[in-house]
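Peer 1: Pasted the sequence and its predicted model underneath.
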Amino acid sequence: MILSIDASPLIISLATTCAATIATFFLGMAAARIMYDVRGGLRAWVDGLLTLPLVLPPTVVGFFLLLIFGRRSFIGRALEHVGLTIAFSWPATVIAATVIAFPLMYRTTLGAFEQVNPTLLQAARTLGASEWAVFRRVLLPLAGPGVIAGTVLAFARALGEFGATLMLAGNIPGRTQTMPIAIFSSVEAGNMHTAYLWVCLIVIFSLAIIRLLNVQRKMRVIERTETETPGTDLSEAVLPPVLSHRKREPAGALEVEVERNLENFTLRIALSAGQGSVGLLGPSGSGKSMTLRMIAGVSTPDSGRIVLNGRVLFDSTTGQNIPAAGRRVGLVFQDYALFPHLTVAENVGFGLARFPRQEREARIWKQLEQMGIAALANRYPSQISGGQRQRVAIARCMAMEPNALLLDEPFAALDPHLRRRTEEQLRATLAGFSGAVVFVTHDMEEAFRFCSDLQVLDNGRVIASGPKHKLFERPRTVAAARLTGCKNIATARRLAADCIQVDAWECRLRTAIEVPETLSHVGFRSHQLSFQKAGGGENTFPCWLVSTSEAPHEMTLYLRLNSEPVPGQTPHLQADVAKDVWRTLSSQPQPWSITLDQGRLLLLEG
Ligand code: ADP
Ligand code: MG
């Protein structure tokens, strides 16, 4: 009896479902990619519209489709003119299934895109990748499992489509009768055996799809556990890199003057970098990363101008704005932003796609060897240590021979013991680099060690800039003094050209230089306080110990001046002294004698 059954519903269903899945795949992905960039009020509306076929009853969707493609509609008539009839033909089954399955593909894919770390896309752009390359080489592979899941779901939905298909394509055996419609007709005609057959087939297909989804999920789990197994840490085994420095034409300077207004933050910054490293020192949230992102072109200023080697990268007055991919500005992101789906070698070669294979490989190996990470070439970022990741990130930037290199807190993610070593390596690497280097940090000692010139950033403004020695010796503002590590800062009043009153320390101090009229605070570095026998010269006071705090190589003493402390009183000053000074001091009776050297007083503005 089964032999007498017409097999056309199976063939029609499979053909329709395959065609609809292919159409849905491309349409859904395109819609997801477009919507990925859409923000604001428009997004909710368009998103709602694209998702509507999933929410509406399929017969309602079919009804609308009939209005659009029916013989009496404008489109229907136009198509009929060229000899195409949609309604009640096989293409109608494909259109109905596509429209109904589309939201599943679109939604799942958009969700998968949004799971991808956007910094990775920015990193790809700074490495010269076009928008298409960013999509093909970063977004799509990282969203791959989601895209596959969306496709499988769309296939399943298209296979089961009934209501909209019946409305638009009807129930024409051998032409538009799909399996779900065949089930309905068979039951209506009392032909239960045939209905059983189609039902069984659909159940088998559906189970197979569920199985496929699970296999895929399992593969993802395996992939993850494999890549997350930490590799042996080679950082100690890898010898320090032997550097063969690249000799290049000396590059010019980087000139930045930009402004960016966000809801609760305004960045207004002007800085310049010539050859050698310029340091951008500022506390967390002061706008350091934002500044680098604007220079690299992954974030756009509201106004201003960015010029590198005489080439205008951004100018709000002329509307010029070279995209990140065309700037050749290397940005080492704070979290390194390595592509997790690519090996170390592939990461380093990411910006070299324009070179023929052999040259690309030669350049990759040169960088890997220079950075001492050649042994890790085939590992994935999740299989190497933090210090190694940092070197991969730097190698990836250097491989594209950038005109400027921007380093966003490159050591922040490293253990303290690795930091100093990595610092030395980076210094050696940069010695061969002739472009501008902007080094961002919140650590003043790191800034001091690493850079010759510093710009001090606070709350979106440059509050001090110049040679580091000058900045550390003579900060002019409270913020600059604090950021350069001054621990004793108090409000002060000018009494005379060479004398100030400091109420918080209960003392009056003589100054070596003329006190500015604008004086609001005084500062004194905790390392520069000196202790000696009583009866010293100017600015010498008796002092008492309030409390101490011990570090491995020095001692921090909290002190009060001029009178013995009573319990509950806060200390006036903090002094950091070497252990042997502490041993001598602690054997002497209090009060001790302390001097705030005139020449070392920091006269500050608020
Ligand atoms: P830093 O790198 O110095 O720690 P950032 O440049 O990351 O600081 O951020 C500076 C300020 O801008 C912070 O207050 C932060 O909250 C704000 N900010 C950063 N990015 C954005 C954004 N995309 N939208 C709104 N505010 C932001
Ligand atoms: Mg930052």
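Peer 2: Happy to help now that I have it. All of these numbers come straight from a predicted model, not from anything done at the bench. Numbers count the residues shown, from 1 in each chain. Ligands and ions are numbered 1, 2, ... in the order given.

Peer 1: Where does pLDDT dip in the stretch 201-350 of the chain?
Peer 2: 216-252, 275-276 (pLDDT under 70).

Peer 1: and with 50 instead?
Peer 2: 224-252 (pLDDT under 50).

Peer 1: repeat for the stretch 51-200 of the chain
Peer 2: Within the stretch 51-200 of the chain, no range satisfies pLDDT under 50.

Peer 1: What's the local residue count around the residue in the stretch 51-200 of the chain that ligand 1 sits nearest to?
Peer 2: Relative to ligand 1, the nearest point of the stretch 51-200 of the chain is Pro118 (10.1 Å; Cβ to the nearest ligand atom). C-beta: built from backbone N, CA, C; applies to glycine. Number of residues near Pro118 (other Cβ atoms under 10 Å) recorded here: 13.

Peer 1: That one: what's it in contact with?
Peer 2: Shown in contact with Pro118 (Cβ atoms under 8 Å, 6 or more residues apart in numbering): no residues.

Peer 1: now swap in the one 3 residues further on and tell me
Peer 2: Contacts for Leu121 (Cβ under 8 Å, 6+ apart) come out as Val134, Val138, Leu139.

Peer 1: Enumerate the positions of the helix or strand that the first one is a member of that are buried.
Peer 2: For Val134, the host element (DSSP states H and E) is helix 131-134. Buried residues in helix 131-134, counted by 16 or more other Cβ atoms under 10 Å: Ala133, Val134.

Peer 1: Find out how far it is from the centre of the chain, if you would.
Peer 2: Offset of helix 131-134 from its chain centre (Cα atoms, centre = their mean, to the nearest Å): 17 Å.

Peer 1: try stretch 337-346
Peer 2: 15 Å.

Peer 1: which residues sit against it?
Peer 2: 117, 119-120, 122-124, 138, 141-142, 227, 347, 350, 364, 368, 373, 376-382, 384, 389, 392-393, 396.

Peer 1: Kindly write the PyMOL command that selects the buried subset of those residues.
Peer 2: Of the contacts of stretch 337-346, the buried ones go into a single PyMOL selection, burial set by 16+ other Cβ under 10 Å:
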select buried, resi 119+120+122+123+124+138+141+142+227+347+350+364+368+373+376+377+379+380+381+384+389+392+393+396
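
Peer 1: Among the contacts of stretch 337-346, which ones are in helices?
Peer 2: Among those, the residues falling in helices (DSSP state H) are 119-120, 122-124, 141-142, 227, 347, 364, 368, 389, 392-393, 396.

Peer 1: and which of these is nearest Ala413?
Peer 2: Top of the list for closeness to Ala413, among these and by Cβ to Cβ, is Arg389 at 8.1 Å.

Peer 1: mind checking the SS state of the residue nearest to the closest one when sequence neighbours are not counted?
Peer 2: Distances taken as Cβ to Cβ, 6 or more residues apart in numbering place Tyr336 nearest to Arg389, at 5.0 Å, with adjacent residues excluded. The three-state label given to Tyr336 by DSSP: H, G, I helix; E, B strand; the rest coil is coil.

Peer 1: how about Tyr336, what does it touch?
Peer 2: Pro381, Arg389, Gln390, Val392, Ala393, Ala413.

Peer 1: Doesn't Ser547 belong to a helix?
Peer 2: No: counting by three-state DSSP, Ser547 falls outside a helix, being strand.

Peer 1: what sits against it?
Peer 2: Residues near Ser547 by Cβ under 8 Å, 6+ apart: Tyr558, Pro571.

Peer 1: Make residue 1 into 215 and carry on from there
Peer 2: Sure, I'll start counting at 215 from here, so that last one is Ser761.

Peer 1: This completes my enquiry, with thanks.
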